[in-house]
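Novice: got a structure for you, letters missing:
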């Protein structure tokens, strides 16, 4: 949920990370019929002398001079943001039984590691203290080299919001005939004076949270899959207030009122085409992308009851949208087969289509039926859980810093 994400942000509003790359040289051989399979563990030594595991590298098989993959850790987890805090590094020979053979270790500080940030390698002797005590001519059990120590500042969702980023929510409602005749109490669109239908429940639950982060509280609201007046031709992206030049509704309450006024005036029809509404919202997002500024990020909330009729086109639309400042939330209403929605959600991996492969995961699908017995705010939390990460991921991938920090170095690509 966006709200809990903001509450969890650091007071500094930025997270500092460090990328480290370690190599081994001439490590002791612990195996009889092959060479050691070394891996490295890094521990932060706390003030009470207790150690906390920060990172464990992968195992490099049969190699006494391993090159471990670069990895990234936060400065907080590595040394509690104290450059002088002790850091202990231990090297083992991996054993499938779990009883790994101790090769050696060394102690250092982040301040010492930083010497590698200027391009110079930092080198430590790997010491086996038992050998050091017992073997008269013992020197070391090899060397560990830090080839890279690169500082990175990773901006947070709150950074962008505090920098003036606006989150703009658009609502799209499924008005296809599979929802049932709105005049029937069995319809998903039936207006019951005693209890709101599932579309209204979702609009209220999710929308009330969304509007807290929508700066102007104006929500463009569209319908799809219905025959609309005056000609009663099928439309897949009509404004539910019937004002195509101004589809915005004032707050979620305005969306709900427009929805209720819209129902008696339209004829539910079909098919369930979602590509048009995705493309409609993607168009202004594409214009936003051209600015290269973090000013407006769009979120499309689609409420639908079932199977997508234009799946190839929908996949194309999502793949194109993955390159834009846009996220898509789909809430499944009713008990239909939502396998198409799960495919758009990327359950089988990053979505692919004739447009290529999505560059990031922008679709979050949530079936409402799984929340019937959950607390009222559970749906909103789940629906909005991915948005902060998707915002940061988009701007980070473009190297776009928050507006208040644009004078500083751009984010790493």
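Specialist: Perfect, I can see it now. None of the values given here were measured: they were computed from a predicted structure.
Novice: now the stretch 151-300 of the chain, which segments are flagged as low pLDDT?
Specialist: Flagging of the stretch 151-300 of the chain using pLDDT under 70 yields an empty set of residue ranges.
Novice: if you set the cut-off to 90 instead, what comes out?
Specialist: Along the stretch 151-300 of the chain, segments meeting pLDDT under 90 span 151-159, 161-162, 193-194, 205-217.
Novice: can you give me the helices for it?
Specialist: Counting by DSSP state H, counting those that start in this stretch, one finds helices in the stretch 151-300 of the chain at the ranges 157-162, 198-210, 251-262, 275-291.
Novice: quick one: closest of these to residue 88.
Specialist: Minimum separation from residue 88 across the helices of the stretch 151-300 of the chain (CB to CB) falls at helix 157-162, 32.8 Å. For the C-beta atoms, the positions are set from N, CA and C on the backbone; glycine is no exception.
Novice: what about that closest one, distance to the chain center?
Specialist: From the chain centre to the centre of helix 157-162 is a distance of 15 Å (CA atoms, centre = their mean, to the nearest Å).
Novice: next one: stretch 229-247
Specialist: If you compare the mean C-alpha spot of stretch 229-247 with that of the full chain, they lie 34 Å apart, counting by CA atoms, centre = their mean.
Novice: look up how far residue 184 lies from the nearest residue to residue 209 once chain neighbours are set aside.
Specialist: Nearest residue to residue 209, sequence neighbours excluded (CB to CB, 6 or more residues apart in numbering): residue 380, at 4.5 Å. Relative to residue 184, residue 380 is positioned 29 Å away (criterion: CB to CB, to the nearest Å).
Novice: those two: who's more crowded?
Specialist: Each of residue 380 and residue 184 has its neighbours counted (other CB atoms under 10 Å); residue 380 has more, 22 against 9.
Novice: that one contacts residue 208, doesn't it?
Specialist: Yes - because the distance of 7.4 Å satisfies CB atoms under 8 Å, residue 380 is recorded as touching residue 208.
Novice: contacts only, for residue 23.
Specialist: Applying CB atoms under 8 Å, 6 or more residues apart in numbering to residue 23 gives the contacts 65-68, 144-145, 147.
Novice: next step: those residues restricted to strands.
Specialist: Judged by DSSP state E, strands contain the following of those: 144-145, 147.
Novice: so which of the residues you listed is the most crowded?
Specialist: Tallying neighbours with other CB under 10 Å puts residue 144 at the head of these, with 26 neighbours.
Novice: how close does residue 388 sit to residue 333?
Specialist: Residue 388 is 25 Å from residue 333, where distance means CB to CB.
Novice: quick revisit: got a markdown table for the contacts of residue 23, with pLDDT and distance to residue 58 too?
Specialist: Formatted as a markdown table, the entries for these read as follows, by pLDDT from 0 to 100; distance: CB to CB, whole Å:
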| residue | pLDDT | distance to residue 58 |
| --- | --- | --- |
| 65 | 96 | 15 |
| 66 | 96 | 9 |
| 67 | 96 | 11 |
| 68 | 96 | 6 |
| 144 | 97 | 15 |
| 145 | 97 | 17 |
| 147 | 94 | 16 |
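Novice: strands of the stretch 301-413 of the chain, start to end?
Specialist: For the stretch 301-413 of the chain, strands defined by DSSP state E, counting those that start in this stretch occupy the ranges 326-332, 352-353, 356-357, 363-367.
Novice: quick one: stretch 385-397 to chain centroid distance?
Specialist: The gap between where stretch 385-397 is centred and where its chain is centred comes out at 5 Å by CA atoms, centre = their mean.
Novice: in that stretch, what's buried?
Specialist: Neighbour-count burial for stretch 385-397 flags 385-388, 390-396 (criterion: 16 or more other CB atoms under 10 Å).
Novice: cool, stretch 155-174 as well?
Specialist: For stretch 155-174, a neighbour-count test (16+ other CB under 10 Å) marks 155-163, 165, 167-174 as buried.
Novice: next one: stretch 114-123
Specialist: In stretch 114-123, the ones that count as buried by 16+ other CB under 10 Å are 116, 122.
Novice: got it, and stretch 232-240?
Specialist: By neighbour count, with 16+ other CB under 10 Å as the criterion, the buried positions of stretch 232-240 are 234-240.
Novice: which residues are in contact with residue 85?
Specialist: When contacts are counted by CB under 8 Å, 6+ apart, residue 85 touches 44-45, 79, 109-110.
Novice: please state the offset of stretch 47-63 from the chain centre?
Specialist: In terms of CA atoms, centre = their mean, the centre of stretch 47-63 is set 27 Å apart from its chain centre.
Novice: let me fix that, I meant to ask about stretch 137-152.
Specialist: Stretch 137-152 has its C-alpha centroid displaced from the chain centroid by 34 Å (CA atoms, centre = their mean).
Novice: now do stretch 77-88
Specialist: Computed by CA atoms, centre = their mean, the chain-centroid distance of stretch 77-88 equals 28 Å.
Novice: and what of stretch 375-389?
Specialist: In terms of CA atoms, centre = their mean, the gap separating the centre of stretch 375-389 from the centre of its chain is 13 Å.
Novice: before we move on, what about stretch 149-161?
Specialist: Between the mean C-alpha point of stretch 149-161 and the mean C-alpha point of its chain there is a distance of 14 Å (CA atoms, centre = their mean).
Novice: now do the same end-to-end measure for it.
Specialist: Taking CA to CA, to the nearest Å as the measure, stretch 149-161 stretches 30 Å from start to finish.
Novice: stretch 55-67 too?
Specialist: First-to-last distance for stretch 55-67 - CA to CA - comes to 15 Å.
Novice: quick one: buried residues of it?
Specialist: Taking 16+ other CB under 10 Å as the neighbour-count basis, stretch 55-67 is seen to contain the buried residues 55, 57, 59-60, 64, 66.
Novice: neighbours around the closest residue to residue 160 other than its chain neighbours, how many?
Specialist: The spatially closest residue to residue 160, leaving aside those adjacent along the chain, is residue 402, at 4.9 Å (CB to CB, 6+ apart). Close neighbours of residue 402, defined as other CB under 10 Å, add up to 23.
Novice: look up phi and psi at the residue nearest to residue 159 when sequence neighbours are not counted.
Specialist: Across the structure, with CB to CB, 6+ apart as the measure, the residue nearest residue 159 apart from its sequence neighbours is residue 402 (4.3 Å). Geometry field for residue 402 lists phi and psi as phi -60, psi 150, criterion degrees, to the nearest 10.
Novice: how about the contacts made by residue 402?
Specialist: When contacts are taken as CB under 8 Å, 6+ apart, residue 402 is in contact with 155, 159-160, 162-163, 165, 294, 395.
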